[in-house]
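Enquirer: Quick one, structure for this:
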Amino acid sequence: MTVDQETGANGRRRPQLAALVSNMSYEVMPFASTEGDVLADVPTSIRLTVTTTERRGLAATLELTERLLRHGYTVAPHLSARLFVDQAHVDDVVARMRENGVRSVFVIGGDAPTPAGPFADAYSLLQAMEQTGHPFDEIGIGGYPEGHASISQEALDLALKQKASVATHVVTQICFDAKTTATWADGIAASDVDLPVYVGMPGPVNRQKLMRISAGLGLGQSARFLRKQQSVLWRFLLPGGYNPTRFAKRLGSAVGNTPTNIHGLHVFTFNELRKTEAWRRRLLASVIGEDDLHD
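Expert: As a prediction, this is how the structure comes out:
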């Protein structure tokens with residue numbers, strides 16, 4: 001499949017919506033049924049990330065990552081800095097991932113109120129990984145187009161620049177305003193953080209599941225945005241409040257006319273994999289070959 005796109009003089013891309021949809025990854029949670037659901041509904045061409053839950057810890061994330069790798073998927077485990085006890089723990093996990101062929105990771109600070117060791121944020125874990133000589137070809141880090149409720153914008157900007165020096169791409173937290181996301185991506189590129197950006201967005205998730213998540217089931221980093229951002233929940237619960245197709249098209253329009261560092265979409269599936277994959281295929285079929293998309 002060939003997706004048309006132009007490249008500006010500075011090397012930044014001028015993507016159509018089809019290019020963004022064609023470069024899509026899924027985030028899954030490490031539950032007992034996840035492996036079977038992935039095998040049943042997700043093609044191996046779709047890149048995956050596996051979240052880390054506080055209840056199950058890092059072990060469940062690594063085990064699912066390893067199993068999915070053996071099935072032929074490209075998989076990046078979430079590494080939560082606050083779950084690592086010390087440098088020896090980092091060394092052991094890196095050695096395990098090297099042995100099992102893990103080539104991509106996503107490094108986050110994590111939400112544990114108290115760090116288990118000396119790593120309170122993603123950058124400190126990234127430094128520890130550099131010290132141990134990690135084998136990873138791809139290292140993802142988080143980005144915040146609308147800021148963070150408990151971290152100042154100045155601190156966020158500094159942290160992003162620090163992390164970017166040892167990372168390969170950025171995955172954004174959820175922002176429902178496509179123009180805000182596109183403007184933020186342009187802004188970080190202008191400040192010399194010129195990494196590829198993958199825009200985080202929820203897939204077609206049913207409202208009942210989102211209500212259970214928001215009630216505090218402790219499902220991990222990807223689920224907690226509902227509790228962190230009061231403005232998010234109502235967008236899902238009100239009729240017509242959120243539509244993933246509408247958001248994707250708006251993002252395509254926002255980035256389609258100028259060079260951008262936005263390279264693709266990262267879908268928070270909440271393990272609604274069959275519904276997510278059916279939606280992706282419908283969306284891709286609807287946009288391939290179109291030159292201009294406006295919502």
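Enquirer: Count the neighbours of Ala88 for me.
Expert: Ala88 has 11 neighbouring residues, counting by other C-beta atoms under 10 Å. Where you see a C-beta, it was placed from the backbone N, CA and C, and this is true even at glycine.
Enquirer: Beyond the host helix or strand of it, next helix or strand please.
Expert: Element membership for Ala88, per DSSP states H and E: helix 87-99. Downstream of helix 87-99, the first helix or strand assigned by DSSP H and E is strand 104-108.
Enquirer: And that following strand, what does it pack against?
Expert: When contacts are defined as 3 or more C-beta pairs under 8 Å, 6 or more residues apart in numbering; DSSP states H and E, strand 104-108 sits against strand 75-80, helix 122-132, strand 138-143.
Enquirer: between those, which one is nearest to Gly109?
Expert: Ranking the helices and strands packed on strand 104-108 by proximity to Gly109 (C-beta to C-beta) places helix 122-132 first, at 4.8 Å.
Enquirer: Might you list the low-confidence residue ranges for the stretch 151-295 of the chain?
Expert: The stretch 151-295 of the chain contains residues with pLDDT under 70 at 207, 209-241, 257-259, 289-295.
Enquirer: show me where it has strands.
Expert: Taking DSSP state E, counting those that start in this stretch to define them, one finds strands in the stretch 151-295 of the chain at 169-172, 197-202, 262-268.
Enquirer: who wins for proximity to His71 among those strands?
Expert: The minimum distance between His71 and these falls on strand 262-268, with 19.4 Å, by C-beta to C-beta.
Enquirer: what about the closest one, distance to the chain center?
Expert: Put simply, strand 262-268 sits 7 Å off its chain's centre (C-alpha atoms, centre = their mean, to the nearest Å).
Enquirer: Strand partners (parallel or antiparallel) of it?
Expert: Neighbouring strands of strand 262-268 in its sheet, by DSSP bridges, are strand 24-28 (parallel), strand 197-202 (parallel).
Enquirer: Adding distance to Ala167 and mean neighbour count, write these out as JSON lines.
Expert: JSON lines is the format used below for the strands paired with strand 262-268 (distance: least, C-beta to C-beta, whole Å; neighbours: other C-beta atoms under 10 Å):
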{"stretch": "strand 24-28", "distance to Ala167": "16", "mean neighbour count": "24"}
{"stretch": "strand 197-202", "distance to Ala167": "11", "mean neighbour count": "24"}
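Enquirer: export those to CSV and tack on distance to Asp186?
Expert: Output for the strands paired with strand 262-268, formatted as CSV (distance: least, C-beta to C-beta, whole Å):
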stretch, distance to Asp186
strand 24-28, 21
strand 197-202, 10
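Enquirer: so which of those comes closest to Ser286?
Expert: Closest among those, using C-beta to C-beta: strand 24-28, at 14.1 Å.
Enquirer: got a list of what the closest residue to Asn206 other than its chain neighbours touches?
Expert: Of all residues not flanking Asn206 in the chain, Glu272 sits nearest, at 7.1 Å (C-beta to C-beta, 6 or more residues apart in numbering). Glu272 makes contact with 203-206, 209 under the criterion C-beta atoms under 8 Å, 6 or more residues apart in numbering.
Enquirer: go again using 10 Å as the cut-off
Expert: Residues near Glu272 by C-beta atoms under 10 Å, 6 or more residues apart in numbering: 28, 37, 41, 202-206, 209, 278-279.
Enquirer: just Leu125 next, same as before
Expert: So Leu125 contacts 79-84, 90, 105, 107-110, 117-119, 163 (C-beta under 10 Å, 6+ apart).
Enquirer: Please, a PyMOL command that selects the buried ones among those?
Expert: Under the burial definition 16 or more other C-beta atoms under 10 Å, those of the contacts of Leu125 that qualify are selected in PyMOL by:
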select buried, resi 79+80+81+82+83+84+90+105+107+108+109+110+117+119+163
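Enquirer: quick one, helices of this protein?
Expert: 17-22, 34-41, 57-70, 87-99, 122-132, 153-164, 178-190, 207-214, 225-228, 230-237, 244-255, 273-287 (DSSP state H).
Enquirer: most centrally placed residue in the protein?
Expert: In the chain, the centroid-proximal residue (C-alpha atoms, centre = their mean) is Val171; its distance is 4.5 Å.
Enquirer: hey, what's that residue bridged with?
Expert: In beta-bridge terms (that is, DSSP bridges), Val171 pairs with Gly142, Tyr198.
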